[in-house]
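Asks: Here is a sequence together with a model predicted from it:
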Amino acid sequence: MPSVHLVKDAEKDLSSASADAALFPWMGWAYLLAGSVLLAMIGTWLVWFFASTQLKLQAEEIRSACQRIMPETADRCFDTVVIQRGGVRR
């Protein structure tokens, strides 16, 4: 006896093939939409992450420069430099 079952024409289920063909265009658009949303979310998160990292590095650089130049008034120096550069006070 063969290990493969041969399907005769009478045993074929044509209704599932037509249902799959009807869903295929919609599934393609659904996958495209889901992929676009996922890509937008990842891209937005990456932009936010790199912007926040850049701001933190700039703040640390300003704070260390103020600490070197004016150790007794480093906080005042930091606030002044951040305001002059257009940043927000902490």
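Replies: Looks like it arrived, so ask away. It should be emphasised that the depicted structure is a prediction, and the values quoted were computed from it without experimental measurement.
Asks: Name the single longest helix found in this structure.
Replies: Using DSSP state H, we find that the single longest helix of the chain is helix 14-69.
Asks: by contact count, what packs against that helix?
Replies: Counting contacts by 3 or more Cβ pairs under 8 Å, 6 or more residues apart in numbering; DSSP states H and E, helix 14-69 is packed against helix 74-84. C-beta: built from backbone N, CA, C; applies to glycine.
Asks: Any buried residues in the helix it packs on, and which?
Replies: Buried residues in helix 74-84, counted by 16 or more other Cβ atoms under 10 Å: 74, 77-79, 81-82.
Asks: Next one: the residue nearest to residue 66 when sequence neighbours are not counted, what pLDDT does it get?
Replies: Closest residue to residue 66 apart from its sequence neighbours, by Cβ to Cβ, 6 or more residues apart in numbering: residue 77 at 3.6 Å. We have a pLDDT of 92 for residue 77.
Asks: next one: residue 26
Replies: pLDDT, residue 26: 79.
Asks: and it, how many neighbours?
Replies: Here the number of neighbours of residue 26 (other Cβ atoms under 10 Å) works out to 9.
Asks: Repeat that for the one 4 residues further on.
Replies: When neighbours are counted by other Cβ under 10 Å, residue 30 registers 11.
Asks: how close does it sit to residue 24?
Replies: Relative to residue 24, residue 30 is positioned 11 Å away (Cβ to Cβ, to the nearest Å).
Asks: same thing with residue 58?
Replies: According to Cβ to Cβ, residue 58 stands 51 Å off from residue 24.
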